[in-house]
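Asks: Return a 3D structure for these sequence lines:
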Amino acid sequence: MLASSALTQAKDGVILLHGLARTAASMEKMEAALTDAGYIVANIDYPSRTAPIAKLAEHTISAALASEALRDCERIHFVTHSLGGILVRSYFSEHTEPRLGRVVILGPPNRGSEVVDKLKSWTLFQSSTAPLVAN
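Replies: Now for the predicted structure:
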């Protein structure tokens, strides 16, 4: 069981954030499971390859927290994959949120990524991830 009835009665919300070069579709199974467990879920699609991390974090997370779907939630949790976790960390290093609950970060590249380190000199890779690789 993913949630106790006490949690779901409190109108808890969950923000899902995918990783680099992915879309909200990659989090659809998680969204369905959390919805079935009684959570209000915002599966956020953001342009992961278009801006530096701080800018992505500011825009993506502030918009998600202000979303109509989560407006009445007493507590908001995050479930993230890869870059999504880095965005949460970046955002909350500058902001607070009184409704913040738990944060689950799956597979974050805490010290960078070996894949990015090996591919960052490739022109095709640079053209598709330039703002992030520049950080």
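Asks: got a list of what the residue positioned nearest the centre of the chain touches?
Replies: The residue lying closest to the centre of the chain (Cα atoms, centre = their mean) is residue 17, at 2.4 Å. By Cβ atoms under 8 Å, 6 or more residues apart in numbering, the contact set of residue 17 is 27, 44, 46, 60-61, 64, 78-81, 83-85, 87-88. Quick note: C-beta positions are derived from backbone N, CA and C, even for glycine.
Asks: one more time with 7 Å, if that's ok
Replies: 44, 78, 80, 84, 87, 88 (Cβ atoms under 7 Å, 6 or more residues apart in numbering).
Asks: what's the closest non-adjacent residue to it?
Replies: In this structure, residue 17 finds its nearest non-sequential neighbour in residue 84, 2.9 Å apart by Cβ to Cβ, 6 or more residues apart in numbering.
Asks: In this structure that neighbour contacts residue 20, no?
Replies: No: look at residue 84 against residue 20 with Cβ atoms under 7 Å: they stay out of range, at 8.9 Å.
Asks: What values do phi and psi take at the nearest residue to residue 92 once chain neighbours are set aside?
Replies: Beyond its immediate neighbours in the sequence, the residue positioned closest to residue 92 (Cβ to Cβ, 6+ apart) is residue 100, lying 7.5 Å away. Taking degrees, to the nearest 10, you get phi -60, psi 130 for the backbone angles of residue 100.
Asks: Could you count how many residues lie near residue 100?
Replies: 15 (other Cβ atoms under 10 Å).
Asks: and if you look at residue 101?
Replies: Other residues within reach of residue 101 by the criterion other Cβ under 10 Å amount to 16.
Asks: Now do the SS call for it.
Replies: strand (DSSP: H, G, I helix; E, B strand; the rest coil).
Asks: burial measure for the residue nearest to residue 17, as a count.
Replies: By other Cβ under 10 Å, neighbour count at residue 84 equals 31.
Asks: so which helix or strand takes in it?
Replies: In the assignment (DSSP states H and E), residue 84 maps to helix 83-92.
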